[in-house]
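Peer 1: Fold the following, please.
(chains A and B)
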There are 2 protein chains.
Amino acid sequence: MGYLSVAEAQACILEYVRPVGRERVPLHESLGRVLAEDVISNRNHPPFDVSAMDGYAVRHDDLRDGPCELDVVDDIRAGHMPRAKVLPGKAARIMTGAPVPAGADTVVRVEDTEEPAEHRVRILKAPKPGANIRPQGENLMRGSAAVQVGATITPGVLALLAMVKCREATVFGRPEVAILATGDELEALDEPLDETKVPDANSHALYAQCKALGIEARLLGIARDNPIELKAKLAEGLNSDVLLASGGVSVGHHDFVRPVLESLGITMHFWRVAMRPGHPLAFGTGQERQCVFGLPGNPVSSMVCFEQFVAPALRRMMGHRRLFRQTVEARLAHPLRDRAGRMHFVRARIHRNASGGFVAESTGAQGSGVLRSMAEADGFIVVPEEVEALPEGATVTVQLLDEMAWAKEAGI
Amino acid sequence: MGYLSVAEAQACILEYVRPVGRERVPLHESLGRVLAEDVISNRNHPPFDVSAMDGYAVRHDDLRDGPCELDVVDDIRAGHMPRAKVLPGKAARIMTGAPVPAGADTVVRVEDTEEPAEHRVRILKAPKPGANIRPQGENLMRGSAAVQVGATITPGVLALLAMVKCREATVFGRPEVAILATGDELEALDEPLDETKVPDANSHALYAQCKALGIEARLLGIARDNPIELKAKLAEGLNSDVLLASGGVSVGHHDFVRPVLESLGITMHFWRVAMRPGHPLAFGTGQERQCVFGLPGNPVSSMVCFEQFVAPALRRMMGHRRLFRQTVEARLAHPLRDRAGRMHFVRARIHRNASGGFVAESTGAQGSGVLRSMAEADGFIVVPEEVEALPEGATVTVQLLDEMAWAKEAGI
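Peer 2: Prediction:
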């Protein structure tokens, strides 16, 4: 079997992946989840025509001849109903959100008025007829869908759900994810420091990447290069929807993971992707819809593979329609040399320059063991398979990581 | 006092705001927090020169004359130490991450070799001298800062912390935030539906916006337009670092919030910002470093103000250096008319078009009561104060909301 391109591998994975069911969650725990059913509005909002400003409700006919004075017959607060009709020559003081009284058809902003005496108002500037009134049902109509299935519950959506008194939301489930590191060389976080060992960073990187997606993953620890122990741990991991096993999937002699997974009933769909860092990467599925990612043993490679393959799969399982890291175009701050034949993800710092465009700059040594250049990255410069060299100033596509949601400068 | 620009108001707020202290948290709870001290590496990583590939450790001198055969004297796995020195004419099988044995200076990838017989290897293609070896301390040097104060704990940083066995991190604290809605017209989420009332969406929108920043805010409920109840609730809120009070700060007659806050010892720094939606917005500070935001009663206005003013303040309190929503340039999908004199934040859908640029399109009716157009927004088109009209295709600055971290297409 040859090498798959990144796009081919993504397509293969997403073909096997479906949302993992639905559940009811309290409104305040629904942030970031995806609605699994339409939410129908149980009210009109606004419930009647209301004022959009603090001001005076008037009959526009009274304003036709320029500045005028009117009698103030009512003072209508939000949450209270009008007590009087507005007849010709009359007005009602009205607050933002308060119901427009019968007879009135226009609201004049308080800034465009004066009070020459008690219960009198002078209109200095006439707005258009109907101005500053929000019609009944403008925001939401009773019986219509306030929010539709598939919507991610952002703060704005959550506010809309609160408005229709949706105290619990039906959302797509979250997959159970188990994380297993493999390798005799690994030292666990709670083991004493031994300089001849390699600290297990992968488990924690993967845990954090899952958590950033809203998933609390289960850490299975480290399986040593011993077929019996490995089989037991992999079997335990397969009780979850998704098993992330790092290390032990390369072409070398001591790699057990693939055959052991196959002996556990997993069908491996591919194990080679033409990318750097990241190779080798394996993907398999089981009969009970489990899926397994065999990730590289290097933390950087493992993290890059997670972003390209695991995150889209997990997001689809959670019902999201947006599966992939956002990309932008950027100018390269320096020349970049590369080997052709693999798509290269170059860890990069990204910022906006004075003219508003993005600039991408390598975070330094790109060896797959150099975790520091991953820790300092805002994103990845994506160098396509066929490219060998890029000059300074070249336009490149960059994938943005979470930190790029925020900027040092307001930029507006 | 006149109107402040958005930038002036932001500068005023940030002048009063400082990080709220520090605390120790378990590594797995540190994601998204900001390191409050340097973390020093307690190890070299790699601890010795290690192989970057699965292959054979050799003496490069043996490869000078083209393809050659060597005796295989050892088989070195990651996590195990070499048992034999590599003498001339000899090689050692070596796994990725395993220590390079004495005598060897180069690693040949397994793909570039054959095994003609047991304990023999044929080198088909010679790499450069020193190839495929990661030097001791390449990733981390003992005694140097692995991660510096001020770094946000991303998955990459968390992996680096795991590598130096940092099981607890010292991070900047998170502010306590209290949320209070004010107004006789409001109906709480747990009250029965009454169509003459306005559902309190603000409290929940603000709660969700805080939660998206990693803050679990305290909901104080609704204060009615009654000075005694209002004063009690505001006083309760001032026990927190930050009080967000929505509603009741406009210029109308029934607005109590400002004077009551002043009677509680709060100094108000401004209460008018030239923006739409969003006006009116008030900001004050107390003697015990509390700060108070008086936010508009309309959920959309309140949410926009939160993004422009409250989020940067909360992020600074948490030690972040990136305070503002990321912006990008986009092309306007349609003409836009506006009133000059206020910066306008137009709720918009944003996507990348075929040629790689962003396109921004209004989500529809932009009235400050229309929460649906907020719920559907990916970001805000920022129309500067002086602009009255923009043609279709104009280049505009857009602020990206969280959903824009992800895209429907891979885009690479």
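
Peer 1: check contacts around A:G237.
Peer 2: A:178, A:180, A:220, A:243, A:245, A:292 (CB atoms under 8 Å, 6 or more residues apart in numbering or on different chains). To be clear about C-beta, it is placed using only N, CA and C from the backbone, and glycine gets the same treatment.

Peer 1: Please give the element, helix or strand, for the third one.
Peer 2: Element membership for A:L220, per DSSP states H and E: strand A:218-223.

Peer 1: Likewise for the fourth one?
Peer 2: Mapping A:L243 onto the secondary structure by DSSP H and E places it in strand A:242-246.

Peer 1: List the pairing partners of that strand within its sheet, with orientation.
Peer 2: strand A:177-182 (parallel), strand A:291-295 (parallel) (DSSP bridges).

Peer 1: For A:L70, find the nearest of these.
Peer 2: With CB to CB as the criterion, A:L70 lies closest to strand A:177-182 of the strands paired with strand A:242-246, at 66.9 Å.

Peer 1: and the angle from that closest one to strand A:218-223?
Peer 2: Counting by axes from the mean of the first three to the mean of the last three CA atoms, to 10 degrees, strand A:177-182 lies at 10 degrees to strand A:218-223.

Peer 1: In terms of residue numbering, what are the domains of chain A?
Peer 2: Domain assignment for chain A by automatic domain parsing gives A:6-20+A:174-317, A:24-45+A:139-172, A:50-134, A:327-405.

Peer 1: distance between the longest one and the chain's centre?
Peer 2: Think domain A:6-20+A:174-317. Between the centre of domain A:6-20+A:174-317 and the centre of its host chain there is 23 Å, according to CA atoms, centre = their mean, to the nearest Å.

Peer 1: rewinding a little: now what about the strand holding A:L220, what contacts it?
Peer 2: With CB under 8 Å, 6+ apart, strand A:218-223 has contacts from A:176-183, A:186, A:188, A:200, A:203, A:207, A:229-230, A:232-234, A:236-237, A:240.

Peer 1: average pLDDT for it?
Peer 2: Averaging pLDDT along strand A:218-223 yields 96.

Peer 1: That one pairs with which strands, and in what direction?
Peer 2: The strands beside strand A:218-223 in its sheet (DSSP bridges) come out as strand A:177-182 (parallel).

Peer 1: Poorly predicted segments of the stretch 151-300 of chain A, please.
Peer 2: A:248-255 (pLDDT under 70).

Peer 1: mind listing the strands for it?
Peer 2: For the stretch 151-300 of chain A, the strands defined by DSSP state E, counting those that start in this stretch occupy A:168-172, A:177-182, A:186-187, A:198-199, A:218-223, A:242-246, A:267-270, A:275-276, A:282-285, A:291-295.

Peer 1: between these, which gets nearest to A:A365?
Peer 2: Across the strands of the stretch 151-300 of chain A, A:A365 has its closest neighbour in strand A:275-276 (13.9 Å, CB to CB).

Peer 1: Can you tell me the element the closest residue to A:G393 other than its chain neighbours falls in?
Peer 2: Leaving aside its chain neighbours, A:G393 sits nearest to A:R331 (5.6 Å; criterion: CB to CB, 6 or more residues apart in numbering or on different chains). Using DSSP H and E, A:R331 falls within strand A:327-332.

Peer 1: okay, the angle between that strand and strand B:327-332?
Peer 2: Relative orientation of strand A:327-332 and strand B:327-332, computed by the same axes, to 10 degrees: 110 degrees.

Peer 1: Tell me which other helices or strands the following helix or strand past strand A:327-332 touches.
Peer 2: The helix or strand immediately downstream of strand A:327-332 is strand A:336-337, counting by DSSP H and E. Helices and strands touching strand A:336-337, by 3 or more CB pairs under 8 Å, 6 or more residues apart in numbering or on different chains; DSSP states H and E, are strand A:389-390.

Peer 1: which residues touch the strand it packs on?
Peer 2: Applying CB under 8 Å, 6+ apart, the external contacts of strand A:389-390 come out as A:332, A:335-338, A:383, A:396.

Peer 1: as a whole number, average confidence for that strand?
Peer 2: Regarding strand A:389-390, the rounded mean pLDDT is 94.

Peer 1: So in that sheet, which strands flank that strand, and in what orientation?
Peer 2: Applying DSSP bridges, strand A:389-390 is found paired with strand A:336-337 (antiparallel).

Peer 1: who touches the partner strand?
Peer 2: With CB under 8 Å, 6+ apart, strand A:336-337 has contacts from A:346, A:362, A:381, A:383, A:388-390, A:394.

Peer 1: The helix or strand following it pairs with which strands?
Peer 2: Downstream of strand A:336-337, the first helix or strand assigned by DSSP H and E is strand A:343-352. In the sheet, strand A:343-352 lines up against strand A:275-276 (parallel), strand A:358-362 (antiparallel), strand A:379-383 (antiparallel) (DSSP bridges).

Peer 1: Format those strands as a markdown table; extra columns: mean neighbour count and distance to A:G369.
Peer 2: Shown next, in a markdown table, are the strands paired with strand A:343-352 (neighbours: other CB atoms under 10 Å in any protein chain shown; distance: least, CB to CB, whole Å):
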| stretch | mean neighbour count | distance to A:G369 |
| --- | --- | --- |
| strand A:275-276 | 22 | 13 |
| strand A:358-362 | 20 | 16 |
| strand A:379-383 | 26 | 17 |
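
Peer 1: Ok, which of these comes nearest A:A151?
Peer 2: strand A:379-383 (26.5 Å).

Peer 1: what separates the closest residue to A:F172 other than its chain neighbours from A:T96, distance-wise?
Peer 2: What sits nearest to A:F172 in space, not counting adjacent residues and going by CB to CB, 6+ apart, is A:G319, at 3.1 Å. The spacing between A:G319 and A:T96, counted by CB to CB, to the nearest Å, is 37 Å.
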